[in-house]
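Engineer: mind folding the following:
(one chain, ligands or ions: 2)
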Amino acid sequence: MRTQVCIIGAGPSGLLLGQLLAKAGIDAVILEARSADYVLSRIRAGVLETGLVELLERAGCSDRLKKEGLVHHGFCLAFDGRAQRINLSDLTGGRSVVVYGQTEVTRDLMDARAAIGTVTIYEAEDVTPHDFDGSRPRVSYRKDGITHEIECDFIAGCDGFHGVSRRSVAGAAIAQFERAYPFGWLGLLADVPPASEELIYAHHERGFALASMRSTTRSRYYIQVPLTNRVEDWSDDRFFDEFRRRLPEDVAERVVTGPSLEKSIAPLRSFVAEPLRFGKLFLAGDAAHIVPPTGAKGLNLAASDVHYLSSGLIEYYREGSAGGIDNYSSRALARIWKAERFSWWMTSMLHQFHEAGDFAARMQLAEFDYITSSTAAATTIAENYVGLPF
Ligand code: APR
Ligand code: PHB
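Structural biologist: Numbering: from 1, shown residues only. Ligands and ions are numbered 1, 2, ... in the order given. All right, here's what the predicted structure looks like:
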């Protein structure tokens, strides 16, 4: 088989890239290691920047988002019981975010791709990029016991943090920057009405908590837990009791409990690979970077990578100019590092770092006091939260 762009990974990055290329008449095949159902089973964050909404519109996948997405004009920071609303729209000249689960974004992209009949090969085994530094880039894979090869002009590594693409690059050719955080997030999904109309990020001496949602009838809640904790240690009752203890009292009183639909612990990590291009191979999304979820940037950063990469590939095929793909890595990394900074800063301000000492704890309090007393400080948070320009 031959295609113009072979995309490895059918998560949000790969699917969005495939859809934008298809809209521009560029042929792309997606190879995905898991089944479509498995991809849809993964529960991820759900705050969309306006840039991602616009890309989904361009990809022809925004109808349900516009019907079901919740437009949020602000969110709350709570610090040991004190709450401070960050008025996103007032502070950013009217901008907002949309709350809409990543699973739904993925589903909409899958449906759109199926509707135009482009090729996605699920449960592809041993996907391996070859000769991306040479003149004959191709990707091999095994399906139903038979090995296949796809010849292509370019390979897009959209296969996430644990994918094969980044691992295929020679060690000396890639730099990796990483910080692992000494705690995780225990997340719970339940069909109960959210405790608050807007998201609440809560700093508390017992640990961080986040009250989020998927709709007006489905809530997504998180609490910071030690990395040694296991999901089995946390019954639903124990989760809700701890969750409530970390929220301002008036919010805690409104928490409705119910059986968990999903419960999982995720570690927190900051990670960036540099550069993002290796000959005919490009890295995008979680294959290139990871952010702690505190800033809700994971999906949105994947989207800006895809914006830069799709624009460069469209320019290449339409105008024969390699400028866009030559600049992809530096353009994407400029925005990646700013989102990494914001995510690291939000994580550092809101979580308990027991080994960091009293001075660090006072710095967290000072950050909160500064934000609540300075429009400039609040604007800094707001402009990053709604998304810096592409
Ligand atoms: N071959 C083929 N597919 C692979 C391989 C492989 N060797 N390794 C991983 N994959 C697939 C995974 O099964 C997954 O479906 O690549 C896809 C990568 O998707 P994500 O991990 O979701 O990464 P991305 O598409 O970049 O989306 C980033 O997802 O994980 C969240 O927080 C993250 O919101 C961010 C978003
Ligand atoms: C979520 O709803 O899953 C969510 C929202 C905001 C975040 C992280 C996760 O910062």
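Engineer: ok, which residues in the stretch 101-250 of the chain are in contact with ligand 2?
Structural biologist: Residues of the stretch 101-250 of the chain found near ligand 2 (C-beta under 6 Å from any ligand atom) are 199, 212, 220. Yep, even glycine has a C-beta here, placed from its N, CA and C like the rest.
Engineer: and ligand 1, is the host helix or strand of Thr147 touching that?
Structural biologist: Thr147 belongs to strand 146-151 when elements are defined using DSSP states H and E. No. Using C-beta under 6 Å from any ligand atom, strand 146-151 stays clear of ligand 1, with a minimum separation of 12.2 Å.
Engineer: please apply the same query to stretch 161-168.
Structural biologist: Yes. Stretch 161-168 lies within reach of ligand 1 by C-beta under 6 Å from any ligand atom, at 163-164.
Engineer: with only the CA atoms kept, save that stretch in CSV.
Structural biologist: Extracted in CSV, the C-alpha atoms of stretch 161-168 (Å, rounded to 0.1, in the frame of the first residue of the first chain):
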residue,chain,number,x,y,z
PHE,A,161,4.0,8.8,25.4
HIS,A,162,4.6,5.0,25.2
GLY,A,163,4.5,4.8,21.4
VAL,A,164,7.1,3.4,19.0
SER,A,165,7.8,6.6,17.1
ARG,A,166,9.9,8.5,19.6
ARG,A,167,11.6,5.3,20.6
SER,A,168,12.6,4.7,16.9
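Engineer: ok, and what's touching that stretch?
Structural biologist: Applying C-beta atoms under 8 Å, 6 or more residues apart in numbering, the contact partners of stretch 161-168 are 8-9, 127-129, 132, 155, 157-159, 174, 271, 273, 281, 283, 286-288, 290.
Engineer: ok, then the element right after the strand holding Thr147?
Structural biologist: Strand 146-151 is succeeded, C-terminally, by strand 154-157 (DSSP H and E).
Engineer: chain center to that following strand: distance?
Structural biologist: 20 Å (C-alpha atoms, centre = their mean, to the nearest Å).
Engineer: which neighbours in the sheet does the next helix or strand after it have, and how are they oriented?
Structural biologist: Counting by DSSP H and E, the element after strand 154-157 in chain order, helix or strand, is strand 175-190. Sheet pairing for strand 175-190, assigned by DSSP bridges, gives strand 219-225 (antiparallel), strand 260-274 (antiparallel).
Engineer: most packed of the ones you listed?
Structural biologist: strand 219-225 (a mean of 24; mean count of other C-beta atoms under 10 Å).
Engineer: ok, so of the residues of the stretch 101-250 of the chain next to ligand 2, who is nearest ligand 2?
Structural biologist: Ser212 (3.3 Å; C-beta to the nearest ligand atom).
Engineer: this protein: helices as residue ranges?
Structural biologist: 12-23, 36-41, 50-58, 63-68, 88-91, 102-115, 236-245, 249-252, 298-319, 323-350, 357-373, 375-386 (DSSP state H).
Engineer: now do the same contact list for Arg95.
Structural biologist: Arg95 touches 50, 88-89, 386-387, counting by C-beta under 8 Å, 6+ apart.
Engineer: and the strand holding Thr147, what does it pack onto?
Structural biologist: strand 138-143 (3 or more C-beta pairs under 8 Å, 6 or more residues apart in numbering; DSSP states H and E).
Engineer: what residues of the strand it packs on count as buried?
Structural biologist: 138-139, 141 (16 or more other C-beta atoms under 10 Å).
Engineer: just those now: which is nearest Thr372?
Structural biologist: Val139 (51.7 Å; C-beta to C-beta).
Engineer: so what sits opposite that closest one in the bridge?
Structural biologist: Pro129, Ile150.
Engineer: returning to what we had before: dump the residues of the stretch 101-250 of the chain next to ligand 2 to a markdown table, plus pLDDT.
Structural biologist: Listed next are those as a markdown table, based on pLDDT from 0 to 100:
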| residue | pLDDT |
| --- | --- |
| Leu199 | 98 |
| Ser212 | 97 |
| Arg220 | 97 |
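Engineer: so what pLDDT did Ala356 get?
Structural biologist: We have a pLDDT of 88 for Ala356.
Engineer: for Ser219, same thing?
Structural biologist: Reported pLDDT for Ser219: 97.
Engineer: ok, Cys152 to Ser235 distance?
Structural biologist: Going from Cys152 to Ser235 by C-beta to C-beta, to the nearest Å gives 50 Å.
Engineer: look at the two and report which has more neighbours.
Structural biologist: Between Cys152 and Ser235, counting by other C-beta atoms under 10 Å, Cys152 is the more crowded of the two (23 against 11).
Engineer: I'd guessed that one sits against Ile7; true?
Structural biologist: No. Between Cys152 and Ile7 there is no contact under C-beta atoms under 8 Å: 9.4 Å.
Engineer: ok, for the residue in the stretch 1-150 of the chain that ligand 1 sits nearest to, nearest residue in space, not its chain neighbours?
Structural biologist: Nearest to ligand 1 in the stretch 1-150 of the chain, going by C-beta to the nearest ligand atom, is Gly11, at a distance of 2.2 Å. Excluding the flanking residues, the one nearest Gly11 by C-beta to C-beta, 6 or more residues apart in numbering is Gly160, at 6.0 Å.
Engineer: can you count the residues close to the one you found?
Structural biologist: For Gly160, using other C-beta under 10 Å, the count is 22.
Engineer: list the contacts for it?
Structural biologist: So Gly160 contacts 9, 11, 285-287 (C-beta under 8 Å, 6+ apart).
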